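A.B. asks: Predicted model and sequence follow; I will ask about them next.
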Amino acid sequence: MLHGAANARLGGVKKTLSEDSPSRPLTLVFGASGYIGTHLVPRLLGEGRSIRAVARRRAPLETRGWQGVEIIEADALKPETLSKALAGVSIAYYLVHSMASGRHFGQLDLEAASNFAAAAALAGVQRIVYLGGIIPEGARSEHLLSRRDTGERLRAGPVPVIEIRAAVIVGAGSAAYEVIRDLVYHLPIMVTPKWVQSRSAPVALDNLLTYLVRVAELPEAEGQILDAGGTDFLSYEEMMRQFADCVGRRPFIIRVPVLTPNLSSRWLGLVTSVPTNIARALIQGLEYDIPAQGDALARLVPQRLLGFRESVEAALNAERREAGAGGPWVEGDLSFRNLKPNYAFYAKKAAGKAVANASAASVWRQLSLMGGERGYFYLDILWQLRGTFDWLIAGPGLCRRRPHPTELHLGDKVDFWTVIAIEPERRLTLSFDMKTPGAGVLEFELEEIDGKTRLTATAYWHPAGVWGLLYWYSLVPLHVILFEGMTKAIARQAELNAV
């Protein structure tokens, strides 16, 4: 028998959550590893909520260090995984999208929403809160239409839906905010397309989180579509200039009538750290003005709304407060960007991988020998040359040192690396200590599959300005060769020395 909306209106009387729920109803954050989910879970915990966090992979959630949060792995595109994720849930936040999945993300979004709506009804979920995007009149952008259609698909099910719509979210890690930050820091002179004159209603991350937390408690919000906006309605050029003023920059902006959305997305992919697929989806929505009709939501959830400049200052201050909290490495954490907000939040990436016909324990033993007199398994001469160059510019250079010949521990200094996270036989994360125009991390991941072990080495680079970008692009081909060769060499050694 279906629950949710079907049972909530027996006799024409709508029930509140407390009538059928325990004293601490279970709240599900579906898509908890994403940008909003990562911030929403701690906010809900602070409200005393009982939380279940769900993502396609457990690993990103486990790095968050959330205490008292149930973690489950599930995928809305795999309906068989949803019943466990939704069991016992009263309120479900739906925060997933497929924007990074390529050109067919709209179709995937609809399929995922249909699966989730059906599974939520069967599980007896009482309310779904969905975060979508503000849809301007006449919108043709697949990104914006997909956000609209996802909400409609969720509402087609029997569980009541509250849809909050937002445009530019101002907070560290928001794709639109990081595009603005990277452009300001990376390009003292900008040649910009006409979309920088499009206006939007930015909303501070803190204001949006307050809306999401509070609106879920309001039965009168069920079935409503509510815009969330701040106090300003600004063009992207105005946002860039205000951000630049907050951080003491004076970019010179030249507007040109050319640059198609396709060219613009590729250009953003080069000069920012936002992935090209996401940049393309964002730019498709930037040919329109996107106002927020936020009065209805503001009446339901009164709070002091921040203007754009205040929102930027709040975002920068939040980064400083949250840095160095002692947790494991997380991409974007200011403490792993040398405590410098001008270093890009998202990282440029290069990777290599190999499969060893050996156990994870055997691969880990070989990986743990890295550095010192053993070297780096492949093209060691290049590491020596890089270390020599670093020494010449007063960096640490290649010291050939290790605290222990065969073991690695958290905090160990290995040549020009520092161990910043370690999970034996699963993951090793190293920060790069040489002098560079940016911050680098090298992470090794081990995964056992059918008696074999896949070893992946991924370099993450947070560029600092134009020199950081040039440094990265000059070394990308070499990084790919190095990490492919290194992982294959480690895999071979593991096979030869397998126990």
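C.D. replies: Received, thanks.

A.B. asks: If you count contacts, what does whichever strand or helix holds Asn277 end up packed against?
C.D. replies: Asn277 is part of helix 276-284, with elements assigned from DSSP states H and E. Applying 3 or more Cβ pairs under 8 Å, 6 or more residues apart in numbering; DSSP states H and E, one finds that helix 276-284 contacts helix 142-155, helix 175-186, helix 261-271. In this view, the C-beta of every residue, glycine as well, is placed from N, C-alpha and C.

A.B. asks: In JSON lines: the ones you listed, plus distance to Leu45.
C.D. replies: Formatted as JSON lines, the entries for the helices and strands packed on helix 276-284 read as follows, by distance: least, Cβ to Cβ, whole Å:
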{"stretch": "helix 142-155", "distance to Leu45": "25"}
{"stretch": "helix 175-186", "distance to Leu45": "24"}
{"stretch": "helix 261-271", "distance to Leu45": "35"}
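
A.B. asks: secondary structure element for Met190?
C.D. replies: Met190 is part of strand 189-192 when elements are defined by DSSP H and E.

A.B. asks: what does that strand contact?
C.D. replies: For strand 189-192, the surrounding residues in contact (Cβ atoms under 8 Å, 6 or more residues apart in numbering) are 183, 237, 240, 251-256, 259.

A.B. asks: again, only this time at 10 Å
C.D. replies: Residues outside strand 189-192 that contact it (Cβ atoms under 10 Å, 6 or more residues apart in numbering) are 183-184, 196, 236-237, 240, 251-256, 258-259, 264, 267, 271, 466.

A.B. asks: which of these count as buried?
C.D. replies: Under a neighbour-count criterion of 16 or more other Cβ atoms under 10 Å, the subset of the contacts of strand 189-192 counted as buried comprises 183-184, 196, 236-237, 240, 251, 253, 259, 264, 267, 271.

A.B. asks: which of those residues lies closest to Tyr288?
C.D. replies: For the buried ones among the contacts of strand 189-192, the residue nearest Tyr288 by Cβ to Cβ is Tyr236; the value is 11.9 Å.

A.B. asks: so how far is Ile290 from the closest one?
C.D. replies: When Cβ to Cβ, to the nearest Å is the yardstick, Tyr236 and Ile290 sit 11 Å from each other.

A.B. asks: what is in contact with those two at once?
C.D. replies: Common neighbours of Tyr236 and Ile290, using Cβ under 10 Å, 6+ apart, are 168, 198-200, 202.

A.B. asks: Pipe these into TSV and attach secondary structure and distance to Val330 per row.
C.D. replies: Putting the shared contacts of Tyr236 and Ile290 into TSV (DSSP: H, G, I helix; E, B strand; the rest coil; distance: Cβ to Cβ, whole Å) gives the following:
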residue	secondary structure	distance to Val330
Val168	coil	23
Ser198	coil	32
Arg199	strand	33
Ser200	strand	28
Pro202	coil	25
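
A.B. asks: Determine which two of these are furthest apart.
C.D. replies: Ser198 and Pro202 (12.5 Å).

A.B. asks: Pairing partners for the strand holding Met190, with directions?
C.D. replies: Here strand 189-192 has these sheet partners by DSSP bridges: strand 252-255 (parallel).

A.B. asks: before we move on, which element is Pro42 in?
C.D. replies: Taking DSSP H and E as the criterion, Pro42 maps to helix 35-46.

A.B. asks: Dump that helix to PDB, restricted to CA.
C.D. replies: Taking Å, rounded to 0.1, in the frame of the first residue of the first chain, the C-alpha atoms of helix 35-46 are listed here in PDB:
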ATOM      1  CA  TYR A  35      28.200  20.500  -3.200                       C
ATOM      2  CA  ILE A  36      24.900  21.200  -1.400                       C
ATOM      3  CA  GLY A  37      24.700  17.800   0.300                       C
ATOM      4  CA  THR A  38      28.100  18.300   1.800                       C
ATOM      5  CA  HIS A  39      27.000  21.500   3.500                       C
ATOM      6  CA  LEU A  40      23.400  20.400   4.300                       C
ATOM      7  CA  VAL A  41      24.300  17.300   6.300                       C
ATOM      8  CA  PRO A  42      26.200  19.200   9.000                       C
ATOM      9  CA  ARG A  43      23.500  21.900   9.100                       C
ATOM     10  CA  LEU A  44      20.800  19.200   9.700                       C
ATOM     11  CA  LEU A  45      23.000  17.500  12.300                       C
ATOM     12  CA  GLY A  46      23.200  20.800  14.100                       C
END
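
A.B. asks: for the next helix or strand after that helix, packing partners?
C.D. replies: On the C-terminal side of helix 35-46, the closest following helix or strand by DSSP H and E is strand 50-55. With contacts defined as 3 or more Cβ pairs under 10 Å, 6 or more residues apart in numbering; DSSP states H and E, strand 50-55 has these neighbours: strand 26-30, helix 35-46, helix 58-62, strand 70-73, helix 82-86, strand 89-94.

A.B. asks: which intervals of the stretch 1-150 of the chain have sub-threshold pLDDT?
C.D. replies: Applying pLDDT under 70 to the predicted model, the residue ranges of the stretch 1-150 of the chain that meet it are 1-24, 98-105, 141.

A.B. asks: rerun that using 80 as the cut-off
C.D. replies: Residues of the stretch 1-150 of the chain that meet the criterion pLDDT under 80 lie in 1-24, 98-106, 136-144.

A.B. asks: out of the helices and strands packed on strand 50-55, nearest to Leu108?
C.D. replies: Distance to Leu108, taken as Cβ to Cβ, is lowest for strand 89-94 among the helices and strands packed on strand 50-55, at 14.2 Å.

A.B. asks: ok so, going back, tell me which of the helices and strands packed on helix 276-284 is the most buried.
C.D. replies: Neighbour counts averaged per stretch over those are highest for helix 175-186, at a mean of 23; criterion: mean count of other Cβ atoms under 10 Å.

A.B. asks: got the angle between it and helix 261-271?
C.D. replies: On the basis of axes from the mean of the first three to the mean of the last three Cα atoms, to 10 degrees, helix 175-186 is oriented at 60 degrees to helix 261-271.

A.B. asks: Strands of the stretch 351-499 of the chain, start to end?
C.D. replies: Read by DSSP state E, counting those that start in this stretch, the stretch 351-499 of the chain holds these strands, from start to end of the chain: 413-414, 417-423, 427-432, 438-449, 452-463.

A.B. asks: Is it possible to get a markdown table of these that adds mean pLDDT?
C.D. replies: Putting the strands of the stretch 351-499 of the chain into a markdown table (pLDDT from 0 to 100) gives the following:
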| stretch | mean pLDDT |
| --- | --- |
| strand 413-414 | 92 |
| strand 417-423 | 92 |
| strand 427-432 | 93 |
| strand 438-449 | 94 |
| strand 452-463 | 95 |
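
A.B. asks: Could you find the closest non-adjacent residue to Leu82?
C.D. replies: What sits nearest to Leu82 in space, not counting adjacent residues and going by Cβ to Cβ, 6 or more residues apart in numbering, is Ala119, at 3.7 Å.

A.B. asks: now the one you found: how far from Lys84?
C.D. replies: Separation of Ala119 from Lys84 (Cβ to Cβ): 10 Å.

A.B. asks: Quickly list what's touching both of the two.
C.D. replies: In contact with both Ala119 and Lys84: Ala74, using Cβ under 10 Å, 6+ apart.

A.B. asks: Just give me how far stretch 153-166 sits from the chain centre.
C.D. replies: 24 Å (Cα atoms, centre = their mean, to the nearest Å).

A.B. asks: Convert the C-alpha atoms of that stretch to PDB, please.
C.D. replies: Once side chains and other backbone atoms are set aside, the C-alpha atoms of stretch 153-166 remain, and they are given as PDB (Å, rounded to 0.1, in the frame of the first residue of the first chain):
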ATOM      1  CA  ARG A 153       8.800  14.100 -12.700                       C
ATOM      2  CA  LEU A 154       9.200  14.000  -8.900                       C
ATOM      3  CA  ARG A 155       5.800  15.700  -8.600                       C
ATOM      4  CA  ALA A 156       4.200  13.000 -10.800                       C
ATOM      5  CA  GLY A 157       4.600  10.600  -7.900                       C
ATOM      6  CA  PRO A 158       2.300  10.500  -4.900                       C
ATOM      7  CA  VAL A 159       4.800  11.900  -2.400                       C
ATOM      8  CA  PRO A 160       4.400  15.600  -1.800                       C
ATOM      9  CA  VAL A 161       7.300  17.700  -3.200                       C
ATOM     10  CA  ILE A 162       8.700  21.000  -2.200                       C
ATOM     11  CA  GLU A 163      10.900  22.500  -4.900                       C
ATOM     12  CA  ILE A 164      13.400  25.200  -4.100                       C
ATOM     13  CA  ARG A 165      14.900  26.900  -7.100                       C
ATOM     14  CA  ALA A 166      18.100  28.900  -7.100                       C
END
